[in-house]
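Asker: sequence first, then the predicted structure:
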Amino acid sequence: MTGKKVMILGAVGVGKSSLSHRLAFDRFEGNYKATIGVDIYNTMVEVEGDDTGTTMQFVLWDTDGDFGMNIFADTYLRGASAAVVVADATRSATVPHLKKLVLGFKEILPGRPCIAILNKIDLLTAPTSLRLEDCGSPDFAVSSSALTGQGVRPAFARLAATILRRGL
(Lines give C-alpha, C1' and ligand atoms only; values in the text may rest on other atoms or scores of the structure.)
Protein backbone atom coordinates (compact mmCIF):
# COMPACT_ATOMS: atom_id res chain seq x y z
CA MET A 1 0.00 0.00 0.00
CA THR A 2 1.38 3.40 -0.98
CA GLY A 3 1.12 6.14 1.58
CA LYS A 4 -0.57 9.45 0.89
CA LYS A 5 1.90 12.33 0.94
CA VAL A 6 0.58 15.03 3.27
CA MET A 7 2.45 18.34 3.46
CA ILE A 8 2.55 20.03 6.88
CA LEU A 9 2.97 23.77 6.24
CA GLY A 10 3.03 26.91 8.38
CA ALA A 11 5.16 29.64 9.89
CA VAL A 12 8.06 28.97 12.23
CA GLY A 13 6.99 27.83 15.71
CA VAL A 14 3.29 27.13 15.06
CA GLY A 15 3.61 23.48 16.12
CA LYS A 16 3.94 21.60 12.82
CA SER A 17 6.45 19.13 14.25
CA SER A 18 4.45 18.75 17.46
CA LEU A 19 1.32 17.89 15.47
CA SER A 20 3.30 15.42 13.35
CA HIS A 21 4.75 13.75 16.46
CA ARG A 22 1.35 13.62 18.16
CA LEU A 23 -0.18 11.92 15.13
CA ALA A 24 2.70 9.56 14.31
CA PHE A 25 3.81 8.60 17.84
CA ASP A 26 0.88 9.71 20.06
CA ARG A 27 3.18 11.82 22.21
CA PHE A 28 4.20 15.42 22.67
CA GLU A 29 7.86 16.26 22.22
CA GLY A 30 8.65 18.84 24.91
CA ASN A 31 12.17 19.54 23.68
CA TYR A 32 11.59 21.90 20.79
CA LYS A 33 14.03 21.43 17.94
CA ALA A 34 13.57 23.49 14.78
CA THR A 35 13.03 21.48 11.61
CA ILE A 36 15.71 22.05 9.01
CA GLY A 37 14.44 21.20 5.55
CA VAL A 38 11.87 18.42 5.91
CA ASP A 39 11.27 15.61 8.41
CA ILE A 40 9.23 12.66 7.16
CA TYR A 41 6.99 10.44 9.29
CA ASN A 42 4.84 7.43 8.35
CA THR A 43 1.64 6.78 10.23
CA MET A 44 -1.72 5.08 9.82
CA VAL A 45 -4.91 7.12 10.16
CA GLU A 46 -8.45 5.85 10.57
CA VAL A 47 -10.83 7.14 7.92
CA GLU A 48 -13.58 9.27 9.47
CA GLY A 49 -17.09 7.86 9.10
CA ASP A 50 -15.98 4.39 8.03
CA ASP A 51 -17.55 1.78 10.30
CA THR A 52 -15.37 -1.00 8.88
CA GLY A 53 -12.17 0.41 10.39
CA THR A 54 -10.57 1.46 7.12
CA THR A 55 -7.18 3.07 7.59
CA MET A 56 -4.98 5.10 5.31
CA GLN A 57 -1.20 5.42 5.41
CA PHE A 58 -0.01 9.00 5.60
CA VAL A 59 3.55 10.07 4.80
CA LEU A 60 3.80 13.36 6.67
CA TRP A 61 6.23 15.89 5.23
CA ASP A 62 6.88 18.20 8.18
CA THR A 63 8.41 21.26 6.54
CA ASP A 64 10.74 23.95 7.79
CA GLY A 65 8.71 27.10 8.54
CA ASP A 66 11.44 29.22 6.97
CA PHE A 67 10.38 27.95 3.53
CA GLY A 68 7.46 30.35 3.66
CA MET A 69 5.94 30.98 0.25
CA ASN A 70 9.12 29.64 -1.38
CA ILE A 71 7.79 26.12 -0.68
CA PHE A 72 5.71 26.46 -3.86
CA ALA A 73 8.81 26.85 -6.02
CA ASP A 74 10.32 23.69 -4.53
CA THR A 75 9.99 20.09 -5.63
CA TYR A 76 8.79 19.05 -2.15
CA LEU A 77 5.16 19.47 -3.23
CA ARG A 78 5.44 17.00 -6.12
CA GLY A 79 3.10 14.07 -5.55
CA ALA A 80 1.32 15.59 -2.54
CA SER A 81 -2.17 14.27 -1.89
CA ALA A 82 -3.07 16.98 0.62
CA ALA A 83 -1.80 19.78 2.84
CA VAL A 84 -2.31 20.64 6.48
CA VAL A 85 -1.58 24.32 7.09
CA VAL A 86 -1.01 25.31 10.70
CA ALA A 87 -1.34 28.59 12.63
CA ASP A 88 -0.64 29.31 16.30
CA ALA A 89 -3.71 30.22 18.39
CA THR A 90 -1.55 32.45 20.59
CA ARG A 91 -0.02 34.40 17.67
CA SER A 92 -2.67 36.00 15.46
CA ALA A 93 0.06 37.10 13.02
CA THR A 94 0.39 33.47 11.90
CA VAL A 95 -3.18 33.37 10.50
CA PRO A 96 -2.53 35.63 7.46
CA HIS A 97 0.51 33.45 6.71
CA LEU A 98 -1.73 30.36 6.93
CA LYS A 99 -4.15 32.00 4.48
CA LYS A 100 -1.36 32.67 1.96
CA LEU A 101 -0.14 29.07 2.21
CA VAL A 102 -3.67 27.67 1.76
CA LEU A 103 -4.23 29.84 -1.33
CA GLY A 104 -0.80 28.92 -2.71
CA PHE A 105 -1.34 25.18 -2.24
CA LYS A 106 -4.78 25.34 -3.85
CA GLU A 107 -3.33 27.23 -6.82
CA ILE A 108 -0.43 24.81 -7.35
CA LEU A 109 -2.43 21.61 -6.69
CA PRO A 110 -6.10 22.35 -7.43
CA GLY A 111 -8.52 19.69 -6.27
CA ARG A 112 -6.20 18.40 -3.55
CA PRO A 113 -7.58 18.75 -0.02
CA CYS A 114 -6.09 21.49 2.10
CA ILE A 115 -7.07 21.94 5.73
CA ALA A 116 -6.31 24.66 8.26
CA ILE A 117 -5.44 23.88 11.88
CA LEU A 118 -5.33 26.46 14.65
CA ASN A 119 -2.90 24.80 17.07
CA LYS A 120 -1.99 25.44 20.73
CA ILE A 121 -5.56 26.01 21.90
CA ASP A 122 -4.49 24.62 25.29
CA LEU A 123 -2.65 27.93 25.83
CA LEU A 124 -5.71 30.14 25.31
CA THR A 125 -7.50 31.76 28.23
CA ALA A 126 -10.68 32.31 26.17
CA PRO A 127 -12.19 30.08 23.48
CA THR A 128 -11.51 30.94 19.86
CA SER A 129 -12.21 29.39 16.51
CA LEU A 130 -10.64 29.64 13.13
CA ARG A 131 -13.15 30.95 10.61
CA LEU A 132 -12.96 29.62 7.07
CA GLU A 133 -13.07 33.13 5.65
CA ASP A 134 -9.84 33.93 7.56
CA CYS A 135 -8.03 30.96 6.01
CA GLY A 136 -8.20 31.25 2.23
CA SER A 137 -11.05 28.74 1.93
CA PRO A 138 -9.51 25.44 3.01
CA ASP A 139 -11.66 22.31 2.81
CA PHE A 140 -12.19 22.67 6.55
CA ALA A 141 -10.66 24.39 9.57
CA VAL A 142 -10.25 22.95 13.07
CA SER A 143 -8.66 23.82 16.39
CA SER A 144 -6.20 21.50 18.08
CA SER A 145 -3.64 21.02 20.81
CA ALA A 146 -0.58 18.95 19.99
CA LEU A 147 0.19 18.99 23.73
CA THR A 148 -3.05 17.31 24.83
CA GLY A 149 -3.93 15.66 21.51
CA GLN A 150 -7.28 17.45 21.36
CA GLY A 151 -8.58 17.62 17.80
CA VAL A 152 -5.48 16.10 16.16
CA ARG A 153 -6.66 12.59 15.20
CA PRO A 154 -10.16 13.74 14.21
CA ALA A 155 -8.70 16.37 11.85
CA PHE A 156 -6.47 13.84 10.11
CA ALA A 157 -9.28 11.24 10.03
CA ARG A 158 -11.50 13.78 8.29
CA LEU A 159 -8.67 14.56 5.87
CA ALA A 160 -8.31 10.83 5.12
CA ALA A 161 -12.03 10.62 4.36
CA THR A 162 -11.72 13.61 2.00
CA ILE A 163 -8.77 12.03 0.18
CA LEU A 164 -10.64 8.73 -0.15
CA ARG A 165 -13.83 10.45 -1.36
CA ARG A 166 -11.88 12.34 -4.04
CA GLY A 167 -10.09 9.18 -5.16
CA LEU A 168 -6.62 10.63 -4.67
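Answerer: Okay, I see it. Numbers count the residues shown, from 1 in each chain.

Asker: any idea how far Lys99 is from Gly136?
Answerer: Plainly put, Lys99 is 4 Å away from Gly136 if you go by Cβ to Cβ, to the nearest Å. Using the backbone N, CA and C atoms, a C-beta is placed for each residue, glycine as well.

Asker: higher neighbour count, the two?
Answerer: Gly136 (22 against 19; other Cβ atoms under 10 Å).

Asker: can you list the neighbours in contact with stretch 5-16?
Answerer: With contact meaning Cβ atoms under 8 Å, 6 or more residues apart in numbering, stretch 5-16 is reached by 19-20, 34-35, 58-63, 65-68, 71, 76-77, 79-88, 91, 94, 97-98, 101, 105, 119-120, 146, 159.

Asker: the residues you listed, buried ones only, as a PyMOL selection?
Answerer: Buried residues among the contacts of stretch 5-16 (16 or more other Cβ atoms under 10 Å), as a PyMOL selection:
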select buried, resi 19+20+35+58+59+60+61+62+63+65+67+68+71+76+77+80+81+82+83+84+85+86+87+88+94+97+98+101+105+119+120+146+159
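
Asker: inside helices: which ones of the contacts of stretch 5-16?
Answerer: Secondary structure from DSSP state H places Leu19, Ser20, Thr94, His97, Leu98, Leu101, Phe105, Leu159 of these in helices.
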